[in-house]
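A.B. asks: I'll drop the sequence and a predicted model, then ask my questions.
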Amino acid sequence: MIQKVTDAEIQKQKDISARIKELNNGKKLTACVVTLGCVQNENDSERIRGMLTEMGYEMCNNSKTADVVIFNTCAVRENAELKVFGFLGALKNIKKERPEMLIGICGCMIQQNHIVERIKSRYKHVDMIFGTHSLHRFPQIMYSALQKRVIDVEDTDGYVAENISHVRGSNVIATVSVMYGCNNFCSYCIVPYVRGRERSRTHEDILAECEGLAAQGYKEITLVGQNVNSYGKDCGEIDFADLLHLVSEIEGIERIRFVSVHPKDITDKLIAEMASNPKICKQLHVPLQSGSTKVLGDMNRKYSKEQYLALIDKIRTAMPGLAISTDIIVGFPTETNEDFEDTLDVVKKVGYDMVYNFIYSKRKGTPAAKMDFVLSKEEIKSNFDRLVETQAEILHEKNMKLQDAVVEVLVEGKSRTDDTMLTGRTTENKVVNFSGSPEKIGEIVNVKITKAATWALTGEII
């Protein structure tokens, strides 16, 4: 049974937003939302921006000059946490000079008691501390923070909240959360502890959001979940393959992507839907994490090296041109050099289009945090560098094959590095920069690749 936030509660929060707007009395106030973490965090930040906009704030990108600053945090890796503490420290003196400024921190980090205690004691200039399960109450938290410090961290498996406004970062592509939480409990991962158990939105609510996006002119939808292909298991409505098909029937939506999947939940039905549905992009992210069956067991991943490779073969047989990307953790505590060689072996056999590499980061409260390391830091760093070099060679070879090829690209906007150029992605998720008129934004165009490099593709519209 889906535990939904009531419509009355959502309306109450909207009424509080309106009250805050009245209190601001027409002042031109700004708000900055800084996001660290995954695509789910980005989607949550869009909802925070939506609520801030309803309160009368104008969005900006400068955390030092904004009237309200919210840090939406990630707990998956230590680096993200250290960044947040750095940001908070940098604002301490600014808060002294501008005491009316409101500083908030939310997201996955805040669902950990030791983090909350650290912020309470060391960062007293932070006005709002709220967890992932309190997001829908943000207007109430903001209103209370105008008078005193607010800490709202709920220990629950979470809710599903509908009808919260979004302020999206693009007018062409959008993310739609289809489920929240995770039931897998991989031994290295904090997500089930900070996001709660799996809970799916109803397919009616998902389709209504997608239809609204199509009506606004959005062309590409990415369906998002911590374990997206578990969709529907908790409520028995429809499964993820069915949901993909229903979204593809919406007029105006031209492309569909999704993240992130678990290999154990990739079904023949899902593969068949991907292979037969022209709107589903020919790209699939299949996290490996390790190529060693022994380490995969220690990680509680529920598949072996051989099962993973057999799955990739099955997927490639159904979709020969499919681009496959993956996540890999280097230096898991029980990993030996022989285990790492197994990982390299899988990388070479699969020939990934993209590998997101991470050195293992100990997360307090997870089973892996209690394990002793087999390899030294120097050995782990050496292995990490070898993996990066191996993948760079594979990617270079793949991209070189695109030289002078003509590819279909959805024009997403201006390039981040050169505003005289446009940027977009192929159905295989390859980013291409090319010259062209801004009038092309939102269109699917044919682009000839004029320069192929390891990490970038450049072309021209034909």
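C.D. replies: Structure received.
A.B. asks: per-residue confidence at Met1?
C.D. replies: For Met1, the pLDDT comes out at 54.
A.B. asks: cool, and Glu237?
C.D. replies: For Glu237, pLDDT reads 75.
A.B. asks: which phi and psi does it have?
C.D. replies: Note on Glu237: backbone dihedrals following degrees, to the nearest 10 are phi -70, psi -80.
A.B. asks: just give me the neighbour total for it.
C.D. replies: Each residue near Glu237 was counted by other C-beta atoms under 10 Å, and the total is 16. Where you see a C-beta, it was placed from the backbone N, CA and C, and this is true even at glycine.
A.B. asks: for Thr334, same thing?
C.D. replies: 19.
A.B. asks: verify the stated contact: Val228 with Phe258.
C.D. replies: Yes. Counting by C-beta atoms under 8 Å, Val228 does reach Phe258; the two are 5.2 Å apart.
A.B. asks: how about the strands in the stretch 101-250 of the chain?
C.D. replies: Ranges of strands within the stretch 101-250 of the chain are 102-107, 128-130, 150-152, 173-177, 179-180, 199-200, 220-224, based on DSSP state E, counting those that start in this stretch.
A.B. asks: highest average neighbour count across those?
C.D. replies: strand 179-180 (a mean of 26; mean count of other C-beta atoms under 10 Å).
A.B. asks: re the thing from before, shared neighbours, Val228 and Phe258?
C.D. replies: Residues within reach of Val228 and of Phe258 at once, by C-beta atoms under 8 Å, 6 or more residues apart in numbering, are Phe240.
A.B. asks: tell me which of these two has more neighbours.
C.D. replies: Ranked by neighbour count (other C-beta under 10 Å), Val228 and Phe258 place Phe258 first, with 27 against 24.
A.B. asks: after the helix or strand Ile324 falls within, which helix or strand is next?
C.D. replies: Assessed by DSSP states H and E, Ile324 sits inside strand 323-330. Sequence order places helix 337-350 as the next helix or strand after strand 323-330, per DSSP H and E.
A.B. asks: tell me the mean pLDDT for the strand holding Ile324?
C.D. replies: Computed over strand 323-330, the mean pLDDT rounds to 98.
A.B. asks: residues contacting it, please?
C.D. replies: Contacts of strand 323-330 (C-beta under 8 Å, 6+ apart): 188, 282-290, 299, 312, 315-316, 340, 343, 347, 350, 352-360, 380, 383-384, 387, 428-430.
A.B. asks: swap in stretch 81-90?
C.D. replies: The contact list for stretch 81-90 (C-beta under 8 Å, 6+ apart) reads 34, 36, 63-64, 71, 73-75, 103, 105, 109, 115, 119, 123, 125-126.
A.B. asks: and for stretch 287-296?
C.D. replies: Residues contacting stretch 287-296 (C-beta under 8 Å, 6+ apart): 186, 260-263, 299, 301, 303-306, 308, 326-329, 332, 334-335, 338-340, 342-347, 350.
A.B. asks: buried subset of these?
C.D. replies: By neighbour count, with 16 or more other C-beta atoms under 10 Å, the contacts of stretch 287-296 hold 186, 260-263, 299, 301, 303, 305, 308, 326, 328-329, 332, 334-335, 339-340, 342-344, 346-347, 350 as buried.
A.B. asks: sorry, back to before: the strand holding Ile324 vs helix 337-350, what angle?
C.D. replies: 170 degrees (axes from the mean of the first three to the mean of the last three C-alpha atoms, to 10 degrees).
A.B. asks: buried stuff in stretch 283-298?
C.D. replies: Going by 16+ other C-beta under 10 Å, stretch 283-298 has these buried residues: 283-296, 298.
A.B. asks: show me the helices in the stretch 201-350 of the chain, by range?
C.D. replies: Applying DSSP state H, counting those that start in this stretch to the stretch 201-350 of the chain gives helices spanning 203-215, 240-248, 268-276, 293-299, 305-318, 337-350.
A.B. asks: need those helices in a markdown table (columns: distance to Asp15 and mean pLDDT).
C.D. replies: A markdown table is the format used below for the helices of the stretch 201-350 of the chain (distance: least, C-beta to C-beta, whole Å; pLDDT from 0 to 100):
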| stretch | distance to Asp15 | mean pLDDT |
| --- | --- | --- |
| helix 203-215 | 22 | 97 |
| helix 240-248 | 32 | 98 |
| helix 268-276 | 42 | 98 |
| helix 293-299 | 46 | 98 |
| helix 305-318 | 49 | 98 |
| helix 337-350 | 53 | 98 |
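A.B. asks: output those helices as JSON lines; include the columns distance to Lys370.
C.D. replies: Converted to JSON lines, the helices of the stretch 201-350 of the chain look like this (distance: least, C-beta to C-beta, whole Å):
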{"stretch": "helix 203-215", "distance to Lys370": "39"}
{"stretch": "helix 240-248", "distance to Lys370": "34"}
{"stretch": "helix 268-276", "distance to Lys370": "35"}
{"stretch": "helix 293-299", "distance to Lys370": "12"}
{"stretch": "helix 305-318", "distance to Lys370": "25"}
{"stretch": "helix 337-350", "distance to Lys370": "19"}
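A.B. asks: among those helices, which comes closest to Gly442?
C.D. replies: Closest approach to Gly442 among those is made by helix 203-215 (12.3 Å; C-beta to C-beta).
A.B. asks: nice, that's everything, thank you.
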